[in-house]
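>>> sharing a model prediction with you, sequence too.
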Amino acid sequence: MSEAYKTELVNFQELSNESSADRRAELARHVAVLFSLTSEKCSDEQVDIYDSVLLRLVDMVEAEVRRFVAERLAELRRGPERTIRQLAGDEIDVADALLRRSPVLRDCDLVDIADVQSNAHRLAIAQRDVLSEQVTDVLVARGDIRVKRRVAANQGAAFSVEGMAGLIEAATSDQTLQLALSDRSDLADEQIQQLVSIATEAVRQKLAGLNSGGAAERLPQAADIAVQRMSNDYWLSRYDFETARSRVMALAREGRLNEATLRWLAADDRFAEAVVAFACLTRIGLNEASHWMVRLDVEPFLIVSKAHGLSPLTVATLLKVGPWRHRLTVQARALAMAHYEMLRQDDARQRLAHWDSMTSH
């Protein structure tokens, strides 16, 4: 990053001598707006420059200006990561929009914020369109009753067995939480029974309807609607594959693109980079790789992985990255891994060769 480039954007030496807070506020707003309008066209180096500049500016301005910057960045698929993380951990008036909407924040960021910040921060996180088990575990464990009610009512939230048990326990003395849980379509039979045992009469009657023939017949239809809403294109639109490709190609040029790197990208929940790395290492198209690594049917992904000799550890890690973290159940991952262990590499290579011959005609 060149010093000249930084000073063209903001002259911090001159700004440090500026006595008026208005000038600093104006610059912070200006840089945030400029980046929001050009983010999709910026190179990685330019994004890093904006990140460094904004990080310094937000330390120099009042909360009202920081809130403006956060709101401008909240909708961007591609953003200055360090600045966004800092603002997401700011006071809630600043952090709210980022916590509710920013796709730049990863699960590890949300977990850290939910663990140490206020219930207001947790409440904002609980309103995100999609929440993984990793995040809801912290929201349930650390959140107050408002947070528990909100995350229970979030149909895009996934819960571990422990997380759901925590919600049911908290619902013992809270009918609003009972009602929120009774509206969920992902309760196991045992969880429904636990909820019935602690529910008020009104909630019991509602839960009893889940076991009626009419309700049972509607469940597959409801599931189909949910799948349509969370289709491949919906998930893939949340990620910036162009920037990911640039970063992975840089790793390849440095001789650092290998299976270990792919596994690290997946473990760090860098979905877009993991998809690009997978496509490069297996020599398949990025479009195919992205769709194969988001769909509920994981068979094509397993075939390609086995044909290229990826280790079970790498495959298991990839099955938990990005959309699969939310879309695949623990049971689905276990079945996929059992299938992968039984799959022979020669058979996988034959099937892959057959697919290639079919697409070449």
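Structure's in. What do you need? Numbers count the residues shown, from 1 in each chain.

>>> phi, psi for residue 60 please.
phi -110, psi 0 (degrees, to the nearest 10).

>>> can you start the count at 2 instead of 1 from here on
Let's use 2 as the start, then, which means that last one is residue 61.

>>> what's the nearest residue to it if we skip its chain neighbours?
Closest residue to residue 61 apart from its sequence neighbours, by Cβ to Cβ, 6 or more residues apart in numbering: residue 25 at 4.8 Å. In this view, the C-beta of every residue, glycine as well, is placed from N, C-alpha and C.

>>> for the host helix or strand of that neighbour, list the C-alpha coordinates in PDB.
Assigned by DSSP states H and E, residue 25 belongs to helix 22-39. Listed in PDB are the C-alpha atoms of helix 22-39, where the atom choice follows Å, rounded to 0.1, in the frame of the first residue of the first chain:
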ATOM      1  CA  ALA A  22     -14.700  18.000  14.600                       C
ATOM      2  CA  ASP A  23     -16.900  18.900  11.700                       C
ATOM      3  CA  ARG A  24     -14.000  18.400   9.200                       C
ATOM      4  CA  ARG A  25     -13.300  14.900  10.600                       C
ATOM      5  CA  ALA A  26     -17.000  14.000  10.500                       C
ATOM      6  CA  GLU A  27     -17.300  15.300   6.900                       C
ATOM      7  CA  LEU A  28     -14.300  13.200   5.800                       C
ATOM      8  CA  ALA A  29     -15.600  10.000   7.500                       C
ATOM      9  CA  ARG A  30     -19.000  10.400   5.800                       C
ATOM     10  CA  HIS A  31     -17.400  11.100   2.500                       C
ATOM     11  CA  VAL A  32     -15.000   8.100   2.500                       C
ATOM     12  CA  ALA A  33     -17.800   5.800   3.700                       C
ATOM     13  CA  VAL A  34     -20.100   7.000   0.900                       C
ATOM     14  CA  LEU A  35     -17.300   6.800  -1.700                       C
ATOM     15  CA  PHE A  36     -16.500   3.200  -0.700                       C
ATOM     16  CA  SER A  37     -20.100   2.100  -0.700                       C
ATOM     17  CA  LEU A  38     -20.500   3.400  -4.300                       C
ATOM     18  CA  THR A  39     -17.300   1.800  -5.600                       C
END
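
>>> ok, then the element right after that helix?
Defined by DSSP H and E, the subsequent element after helix 22-39 is helix 45-59.

>>> okay, angle between that next one and helix 22-39 too, please.
For helix 45-59 against helix 22-39, the angle by axes from the mean of the first three to the mean of the last three Cα atoms, to 10 degrees is 150 degrees.

>>> so how far is helix 45-59 off the chain centroid?
A distance of 23 Å separates the centroid of the chain from that of helix 45-59, by Cα atoms, centre = their mean, to the nearest Å.

>>> check which residues of it are buried.
Counting neighbours by 16 or more other Cβ atoms under 10 Å, one finds that the buried residues in helix 45-59 are 47-48, 50-56, 58-59.
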